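>>> This is the structure alone, sequence omitted:
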DNA sequence: ACGGTTCGTTTGATCGTTCAACTGTAGGTG
DNA sequence: CACCTACAGTTGAACGATCAAACGAACCGT
């Protein structure tokens, strides 16, 4: 039985079109070097044989795997990650548009997991990495940098020495826009429900709140708690029971905001009418009827595309070895800050839901 | 400048330990063929040089990429996919434990996306595929089967001709367990809030409900609506306003169940006390205070591990070409049904939350 | 002493592609 | 006419691993 006919190779395409290997290779990689008639002949042979080049052979020769490594962070039970699957989809999409693949792998957190990155490079399985979920004092950036391993992070380098390229969402600007929004609706006592000190993301968002309050000349009022609905509820209850209760609650996340919403409802106050509540992330259930939570939507897809674009640009530059330098100057901006957009729903503006539909 | 020292190769390890290429290769792939003293010498050379084999070269020679392709389904806006990131993490984890990688790619839905699968095989970029989100009349299975491309699906083949291996969660058994649970709590009028006819997953879950009702000798009462909180709310309101209102609502998903919960609350009935509500998926917010939704938790991680295990077994069998057949009989069970577990919270049993903590 | 088997190791060929150097032809320039 | 350049295409070598066959030595039984 003639099981498993092999895929066509350069050689078979060459034979079919009466030219040599290299000419077929040129048709694929540098079509302008081949005379148009020949090119057409080879092209049709490629199509009729349904040829596509063997990636392994190509990578072996060129020392480039045309793949990007991405370490999937462990799924934390009972905490939804509103970002991950969108980001993963975005980088996979952007990569394939440029002929790259995304290689997934898992690694233990902390320094123990770093070997995984090095091994993939040593195996020539990937050309570089996309990082996500960067934290304060993340070891990965410096470690990769030292070894000259290309990478781009989704999430700032929160360390002092900001080394390495990153793309991030401007949480401060987002929260400031939220404060402006509720201020514009007439609110003057605007509180911020945040995370404990020391998380890069949380401090960034808090910073935007403080700056906006100062700019608008309204007092600031900050509560802190962990990322949970229960804490959101507790923080909101405490503030609403205080002497001069806030009329707007700007929250560091949708989860916290949902807790706050429940606290508002429990006091028989109408969200949006009596107390405005704003979340962050625009998670799927922010839009659910019954919540209708105004929230900041992160441009995750754009972030993914940008990460890939920057990484590939970096790889190109590395790839061109000999000859004069690619660009005389230093590399262009290695950091990109994207602005989240405020999605207004009835938790701040009861008119909003009617208008949206 | 001596930039970019190359990674060590078999040859360099061989030179360092005074043996030939092939011996080093044997130390890695078939250590028992090498005399212990030699093996030790080579091993130490491998470690001191920090050698790891070039995957591309190996794949080129062996015609096996040791990678599994996975097509990331597009993220549907405003609908959370409680399964995807857990599943992706699980397959990546299980694959790396066996020296395999997971290669992500995206493809348009429907027949247009099939080329992507074929191309990856032609490029020798992957050895096979893990599928997810199988639907009724999914073209992919038959198409891959025809071409002899190895795959295992997470999700049944809902077509008539059940071709191809799959792993799935037994939705019928899960829902039946939920019905048993509320029946055991004394409920006799138990309704099912389901999806429109024709979705494989939805019909499976409904089937479990009907079977359990018949077995227990209680009447069945079915409502159907699309996957949304609003529809869940509508269905529950309709039933609760009927002549003989149910006292238990078993729902096809957590989203529908959340709508039902709100409908219960709006009628000033206490969930768990007056009306029991059960969801499906055990999404993160089922556990949130304020919902405390009893739900069926899918063993996604186990499903991912099983998919990978079955796929690799299939690949091994394919890989061993010559010689007598690997196993004389037909392949063992190509389908695996995993049972979801019922997580009991106060939406059915008010005591539950106290006990759990 | 001889052929046979086993064990440990080496050697040459090969996977499919790209790189670098080369060949031959045509056209332009002094 | 000699020379240089540009163009179109070919050829051998290389990337780093594994496969298949061969090798020498030791051991064995007759």
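Arrived safely. In this text the structure is predicted, and so the values were computed from the model without any measurement.
>>> May I have the secondary structure class of the residue nearest to residue A:115 when sequence neighbours are not counted?
Closest residue to residue A:115 apart from its sequence neighbours, by Cβ to Cβ, 6 or more residues apart in numbering or on different chains: residue A:107 at 7.9 Å. The C-beta positions use only the backbone N, C-alpha and C, and glycine is treated the same way. For residue A:107, the assignment made with DSSP: H, G, I helix; E, B strand; the rest coil gives coil.
>>> next one: phi and psi at whichever residue of the stretch 51-200 of chain A sits closest to DNA strand D?
Across the stretch 51-200 of chain A, the shortest distance to DNA strand D (Cβ to the nearest atom of the strand) belongs to residue A:61, at 3.6 Å. Backbone torsions for residue A:61, taken as degrees, to the nearest 10, come to phi -70, psi -40.
>>> Stretch A:240-253: which residues count as buried?
Using 16 or more other Cβ atoms under 10 Å in any protein chain shown as the test for burial, stretch A:240-253 gives A:240, A:245-253.
>>> Contacts only, for the residue nearest to residue A:115.
By Cβ atoms under 8 Å, 6 or more residues apart in numbering or on different chains, the contact list for residue A:107 reads A:71, A:113-117.
>>> The helix or strand hosting residue A:121 and DNA strand D, are they touching?
Counting by DSSP states H and E, the element that carries residue A:121 is helix A:114-122. No. Figure legend: helix A:114-122 not in contact with DNA strand D (Cβ under 7 Å from any atom of the strand); closest approach 8.9 Å.
>>> tell me which strands and helices that helix is in contact with?
When contacts are defined as 3 or more Cβ pairs under 8 Å, 6 or more residues apart in numbering or on different chains; DSSP states H and E, helix A:114-122 packs onto strand A:67-71, strand A:101-105, helix A:139-146.
>>> Give the rounded mean pLDDT of whatever helix or strand comes next after it.
Next helix or strand after helix A:114-122 toward the C-terminus (DSSP H and E): strand A:128-132. The average pLDDT for strand A:128-132 rounds to 95.
>>> Break chain A into its domains for me.
Per automatic domain parsing, the domain ranges recorded for chain A read A:67-169+A:300-320+A:330-338, A:171-298+A:341-356.
>>> lowest-confidence stretch among the ones you listed?
domain A:67-169+A:300-320+A:330-338 (a mean of 87).
>>> now that domain: how far from the chain's centre is it?
9 Å (Cα atoms, centre = their mean, to the nearest Å).
>>> quick one, strands of the stretch 151-300 of chain A?
A:151-154, A:165-169, A:190-194, A:220-224, A:248-251, A:276-280, A:294-297 (DSSP state E, counting those that start in this stretch).
>>> Who are the contact partners of residue A:130?
Contacts of residue A:130 (Cβ under 8 Å, 6+ apart): A:68-70, A:91, A:102, A:151-154, A:307-308, A:311.
>>> what's the answer for residue A:49, then?
Contacts of residue A:49 (Cβ under 8 Å, 6+ apart): A:8, A:12-13, A:16.
>>> The same query, at a cut-off of 6 Å, please.
Residues in contact with residue A:49 (Cβ atoms under 6 Å, 6 or more residues apart in numbering or on different chains) are A:8, A:13.
>>> Next: residue A:345.
A:292-294, A:352.
>>> Try it again at 7 Å.
A:292-294, A:352-353 (Cβ atoms under 7 Å, 6 or more residues apart in numbering or on different chains).
>>> Out of the residues you listed, the closest to DNA strand D would be?
residue A:293 (53.7 Å).
>>> so the closest one makes contact with residue A:255?
No. Assessed by Cβ atoms under 7 Å, residue A:293 is found out of contact with residue A:255, at 10.7 Å.
>>> Does at least one residue of the longest helix belonging to chain A sit close to DNA strand C?
Ranked by residue count, the top helix of chain A under DSSP state H comes out as helix A:300-319. No. Judged by Cβ under 7 Å from any atom of the strand, helix A:300-319 and DNA strand C are separated, with a smallest distance of 9.0 Å.
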